[in-house]
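1. The following comprises the amino acid sequence and a computationally predicted model.
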Amino acid sequence: MAIVKPFKAIRPTRDKVVHVASKSYEAYDPVERDAILTYNPFSFLHIINPGYKFHQDVGGKERFRLVHNRYLEFLEDQIFIQEETPSFYLYQIEDQGHKSLGFFCATSVKDYETGIIKKHEDTLEDREVLFADYLNTVGFNAEPVLMAHKDDKRLAAIWARKIKEQPLYDFTTTDRAKHQIWRIDAPKIVTEIENIFSEMPSLYIADGHHRSASSYLLSEERKSNNPNHMGTEAYNYFMSYLIPESEIRIYEYNRLIRGLNGLSKEEFLIQLDTFYRIEEKKDDPYNPSQKHHFSMYLDGQYYSLYLRKKVYDMDDPLSALDTQILFKTILEPILGIQDLRNDKRIAYRHGKYNILKMKDAIDQGEFTVGFGLLPLTIEEIMAVADADLVMPPKSTYIEPKLRSGLAIYEL
């Protein structure tokens, strides 16, 4: 059963938290990122991009070492402080009217190893090793793994009582998202939360597969180098943000393709007819309306594609996913795309940025054809994970996206 533990977080002082909290490094465009680094000395981006202090780009092990140094400077300057008591941290994000409420905790690498923590994506070994090396050098987790769990009325009741109290942090970021954090350190409540999760058979990684795998590699390395290993050391755990399945928001990733694999438009449509009933929708923006139904934009026109179910077998949770259906009926057999991760002919745009942007990219000649999908559901993701199967890459864009630097777990 699932293990969750409180931890003594390193966290920003209350007066600086709004300045420290940052999105992921890649989420900023270069101009915005440079402005933050120039004018906000408290931003967590200074830790992630330590070379900025020296006006140069650094990489590899040198960057890892400098990240550690910038982190120590934030501690020395009391931008960060350390808790005295192990705690859970309830974190609510309100963005565009939607609230997501979960909590920071330490989760077990043993649960990852034994499959209690379930995954639905493959990881790349070189990235696992690289990030494990990074963690070993910098000595902390700052970006939690996002995991979903089954809704639980007892847990919801604890959260409902807690959010009536004065929060530890309460601030709004420039994207108009409201962030609130409550510390949970009362021993009775901590034990109650631990006991609730000890009855849960599974946790499901929603975002952070490589971070989970790297934390496991790090723990194995440190365990092998520690003759006095007890199993309670910090490296036996990694920081996660656990959230009820009902609080997860999932968007689709649309597929954009360069070229038609040597086919003319007419030849391509004829081959599609094997698997789909095709209807022309003219030039009006069109989204799919149900599962196993896709929209397509080609040569200035929208089409609807309805799967002919008698020519496609759905015999497990993976084969029933729309992302897998599209791959097995169009991308691989007709367009010749076998490697969804590395083939340069395919690109992905998550549905939060809508089907009109897909149309614009095709009209401007960057791509030839685009496919719109419905979002997967959390139930579909859990079913794939429970079956030990792996979804195609870029099957989901999942929110909430958490701010970095709010809670840090030292390794």
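-> Structure's in. What do you need?
2. mind checking the SS state of Asn287?
-> At Asn287 the chain is in coil, as set by DSSP: H, G, I helix; E, B strand; the rest coil.
3. Is it in contact with Phe371, as I believe?
-> No. At 11.4 Å, Asn287 does not count as touching Phe371 under the criterion of CB atoms under 8 Å. Just so you know, the C-beta spots here come from the backbone N, C-alpha and C atoms, and that holds for glycine as well.
4. Show me where the stretch 151-300 of the chain dips below the pLDDT cut-off.
-> By pLDDT under 70, the stretch 151-300 of the chain contains no weakly predicted segment.
5. Helices of the protein, residue ranges please.
-> 17-20, 30-39, 45-48, 60-76, 109-114, 125-138, 153-162, 187-198, 209-224, 265-272, 322-326, 354-363, 378-386 (DSSP state H).
6. Out of the ones you listed, which is the most enclosed?
-> Ranked by mean neighbour count under mean count of other CB atoms under 10 Å, the helices of the chain are led by helix 45-48, which reaches a mean of 24.
7. Quick one: list the elements packing against that helix.
-> Under the contact criterion of 3 or more CB pairs under 8 Å, 6 or more residues apart in numbering; DSSP states H and E, helix 45-48 touches helix 30-39, helix 60-76.
8. quick one on the thing from earlier: just so I know, which of the helices of the chain lies nearest Phe7?
-> Proximity to Phe7 (CB to CB) singles out helix 187-198 among the helices of the chain, at 10.9 Å.
9. what angle do the closest one and helix 153-162 make?
-> 150 degrees (axes from the mean of the first three to the mean of the last three CA atoms, to 10 degrees).
10. Quick one: neighbours of Lys328, just the number.
-> 16 (other CB atoms under 10 Å).
11. In this structure it contacts Tyr312, no?
-> Yes. Taking CB under 8 Å as the definition, Lys328 is a contact partner of Tyr312 at 7.4 Å.
12. Mind pulling up the pLDDT for the closest residue to Ser319 other than its chain neighbours?
-> Leaving aside its sequence neighbours, Ser319 sits nearest to Asp313 (CB to CB, 6 or more residues apart in numbering; 6.7 Å). We have a pLDDT of 91 for Asp313.
13. same thing with the one 3 residues further on?
-> The per-residue pLDDT reported for Asp316 equals 95.
14. so what's the backbone phi/psi at it?
-> phi -160, psi 170 (degrees, to the nearest 10).
15. Next, count neighbours for the nearest residue to it once chain neighbours are set aside.
-> Spatial nearest neighbour of Asp316, chain neighbours left out: Ala387 (6.1 Å); criterion: CB to CB, 6+ apart. Here the number of neighbours of Ala387 (other CB under 10 Å) works out to 13.
16. Sounds good, over and out.
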